[in-house]
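Participant: Below are the sequence and a predicted model for it; my questions follow.
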Amino acid sequence: MSNVVPSGQPTGPYAPTPGRAQPASPVGRVVRQASDGWHEFAGRFDAQRVPLAGAGAALVVAGSFLPWAAFSGFPGKMTLSGYPGGVRAYCLALVVFAAFAFHRRAGGDAAGEVASLGMLVVTLYTVLAIAVEGGGLVNVAVGGWLCLVGSVLLLAAFGSQPRDEVVEPLPPGSVWLQLLAIVVVIGLMLMLVVEGLSIEASNQFVAFLVAIAFFLLAAARVGVTAWFQAASERQRMITIVAALLSAAVFPFTQAGSNYWLRVAASVGVFAAVVVGLNIVVGLAGLLDLGYVAFFGVGAYVGASLSGAEASNLDVHLPFLVVLVIGALVAAGFGIAIGAPTLRLRGDYLAIVTLAFGEIFRIAANNLDGTAGPKITNGPNGIPGVPNLELPGGFNFGDSHELFGIELAYFANYFWAELVLLVFVILVFVRLNNSRVGRAWVAIREDETAAAAMGVNTTRLKLLAFAIGAFLAGAAGTLNAHLTTQVSPDSYKFDESILLLAAVVLGGMGTIGGALLGSAAIVVIPEKLRFVEEKRILLFGVALILMMRFRPEGIVPNKRRQREFHDDTSGADATSAPPGSPVATA
Amino acid sequence: MTPPRARKAPATPPPPPEPQPYVPPGDVVLHADGVTKRFGGLTAVSDVDFVVHEGEIVGLIGPNGAGKTTFFNCLTGMEDPTEGRVTYRGQVLSGAPHEITKMGLARTFQNIRLFPNMTALENVLVGRHSRTKAGVFTAILHGPLYRREEREGERQARELLDFVNLGQHANALAKNLPYGDQRRLEIARALATKPGLLLLDEPTAGMNPQETAAAMQLVRKIRQQGLAVVVIEHDMKFIFNLCDRVAVLVQGKKLVEGTPAQVQADPRVVEAYLGTPATGEAS
């Protein structure tokens, strides 16, 4: 046959039959075969595991209550004894978890090991940070050393156990238990967010993130995360309502200052754009490297039509009208760009969209009345976008009192952004579960086959582009008010890359991933000032690490998770071949 | 029609096959008229006339590289024929593949082209795309049209999966299905487009004898639903047991067309596959 198009699919007439679907989480299969050097070494302590674990736990607990630093400059009141503040609390939480994990059920040892490793990393990092800030290891007080030794002992105790056990999924439990778990976990998440935001020192914030990461990894080892995922899926409405409520009460918490509300609102806007991009990239599989341009179109429309001093259009329309106009104009741009370019596939489309993003930025820089019509004011942009005002005279610039609590005025924007985000998520989820969403995924999977099955590929790709642009444009109009000014520099190529990074980092095609990825990309540079100037570099490194260790993203789409981990059919991706010896000493 | 018993060539080979009366079961469904496809200097398909009637199973055979798949592609709009035209129930087939699918032609692929990371059910649901209308707004609002179509779609998709005996794997990812199941899923997906004519490109490639027998049953079952079927296949037993008529394509040209008995008896077919007896030991 002269014209067989290669499908890129590994099946041929003689391809072996692939294995059945297996969950990629450790639940339901062998956690890990202990055959690496560390487990062979740790296996020697099998006989002493109980005293080792006891001593280790005692040391960590004792260390948590003793001072870690000999000088008072370090965050978290590390000089106080009898008070497990700052980083010490994370070690304490991890050791409590490890105690629960200790031989409770299959996978408990693996979980304890991860938790111990978390303790070790957190302690080591803090001890080094204290030494660096204080100018020498002398400044590390007794508590730090105790925790360090204790976590090593715990690591050895947990590591000495064989890993060839099968983790059974946890029983689903009663509805009340599930509801309780959902409420507790979501409440805990809100607490952790507030706690994390109120951490001022970068060092402690890093330790905080590391501790949470290890905690989640450890919880996954005993099947707790899988259980929670299943429970939240079963009680979907409750989970959604609880998550929304906890997000809505955020302005009432101690983190509800104008500053953090502004950051949170930026996360929301960023997330809305990321979800929109997820339609284009995650569902339809069209790599768009100039997506931020649509966001910029929306922002310029928003700034121009809202009665800003510098606006070149002397109109002031109500915000909801502006929102719709901005979204529609952006969608128009999406169609205008998409119509001629969507014949291209893959890399070619990426290059063209990249060029479009640049054209937008350069055009915005030049439409200043000298090089072209005066629309964007060139590099100066449009400053002084006024506060939002709702028809009832509700001004977003005023602070309001609610339930007897004086709220920072940015709470208004936070809630507006929340509404926008919910709308965007609703559009994404509902389209994903529809005829249109299935056609998009089909196009992503195999465009030729999709066309042969009656999918009008050109039209649907254009639709994906238009809807993605529409959502970005809507988010852009709100963002113009949020940042009070619009300038071409905000819509550079870097921003498109960050948006894509959020999509990939969080997990393609999922809402949780988009939210988490956006939060990481916006909050981490805010929190860790030293990250800000190197953020592209650091996110690049993070992406490379993700591609190596978790290509499906932090919050994987079920489909993609199976895509990346299914070929292992039952064994962990990092596990040794089945024949290798199990180090039980 | 009497089943041909004379499998082995008779002692005296009858030089020209006599035109036996063959009564097509129904009206003309597909009519390819002088279809030619050239790729630069290469003529992959040359002036092929081809007719399929309602309720008929027609086989298309030929050595590798004879142009069978290219001919299929010309029928389904994936290639535009350089010359000639194809009509389906009197309408000229032209335009994009999705339009032709909507008119009533569905196909499977020689190298399976499922949507590997979608479930079996979703694969079939994609096949229903051209027969449903729910757009963006009704999907976002979960309007009545959306709800009706989703409910109806899932019911029909499950029926189709049961029809090809894949009902219990509805939620398995397509790529995780065994090879034979993937072939049948592709057929279910094609049937979901509600075709009047089904084009199967090597449906039994890579199958074991049991699976091949099951595939034959399946194709017969499809015909019972009133569809016409065109099959490309290299498995001669499959073709000659299944088809009402067989066309042989050699080097882009239609060499012979007739009932299985006629085609089997035709020395030109033997020659096309095995070469001329004069070249020696070919047997």
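Facilitator: Cool, the structure landed.
Participant: Near chain B, which residues of the stretch 351-500 of chain A? Just list them.
Facilitator: Counting by Cβ under 8 Å from any Cβ of the partner chain, the residues of the stretch 351-500 of chain A close to chain B are A:426-427, A:430-431, A:433-439, A:441-442, A:445-446, A:448-458, A:463, A:467. Bear in mind the C-beta positions are built from the backbone N, C-alpha and C, glycine included.
Participant: Which ones among the residues you listed lie within helices?
Facilitator: Judged by DSSP state H, these include A:426-427, A:430-431, A:435-439, A:441-442, A:445, A:448-452, A:457-458, A:463, A:467 as members of helices.
Participant: Just the buried ones among these, please.
Facilitator: The neighbour-count test (16 or more other Cβ atoms under 10 Å in any protein chain shown) marks A:427, A:430-431, A:435-439, A:441-442, A:445, A:449-452, A:457-458, A:463, A:467 as buried among these.
Participant: what residues are up against whatever residue of the stretch 1-150 of chain B ends up closest to chain A?
Facilitator: With Cβ to the nearest Cβ as the measure, B:Ser130 is the residue of the stretch 1-150 of chain B nearest to chain A, at 2.9 Å. If you count contacts by Cβ atoms under 8 Å, 6 or more residues apart in numbering or on different chains, B:Ser130 has them with A:Met453, A:Gly454, A:Val455, B:His98, B:Thr101, B:Lys102, B:Thr193.
Participant: Report the residue ranges of every domain in the chain.
Facilitator: Defaulting to chain A. The record assigns chain A these domain ranges, following automatic domain parsing: A:37-245, A:256-490.
Participant: nope, chain B please
Facilitator: B:28-104+B:195-277, B:115-178.
Participant: need those domains in JSON lines with distance to A:Ile362, can you?
Facilitator: Shown next, in JSON lines, are these (distance: least, Cβ to Cβ, whole Å):
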{"stretch": "domain B:28-104+B:195-277", "distance to A:Ile362": "36"}
{"stretch": "domain B:115-178", "distance to A:Ile362": "32"}
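Participant: Which of these sits closest to A:Lys492?
Facilitator: Nearest to A:Lys492 among those is domain B:115-178; the distance by Cβ to Cβ comes to 30.8 Å.
Participant: Can you say which of the domains of chain B is nearest to A:Leu120?
Facilitator: Of all these, domain B:115-178 comes closest under Cβ to Cβ, at 38.2 Å.
Participant: Between the two ends of that closest one, what distance do you get?
Facilitator: 14 Å (Cα to Cα, to the nearest Å).
Participant: show me where the stretch 451-585 of chain A has helices.
Facilitator: Counting by DSSP state H, counting those that start in this stretch, the stretch 451-585 of chain A has these helices, from start to end: A:457-483, A:493-506, A:511-527, A:529-532, A:535-549, A:558-565.
Participant: Present these as TSV; the columns should include mean pLDDT.
Facilitator: Shown next, in TSV, are these (pLDDT from 0 to 100):
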stretch	mean pLDDT
helix A:457-483	90
helix A:493-506	83
helix A:511-527	82
helix A:529-532	70
helix A:535-549	81
helix A:558-565	55
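Participant: Pick the most buried one from the ones you listed.
Facilitator: Among the helices of the stretch 451-585 of chain A, ranked by average contacts under mean count of other Cβ atoms under 10 Å in any protein chain shown, first place goes to helix A:457-483 (a mean of 27).
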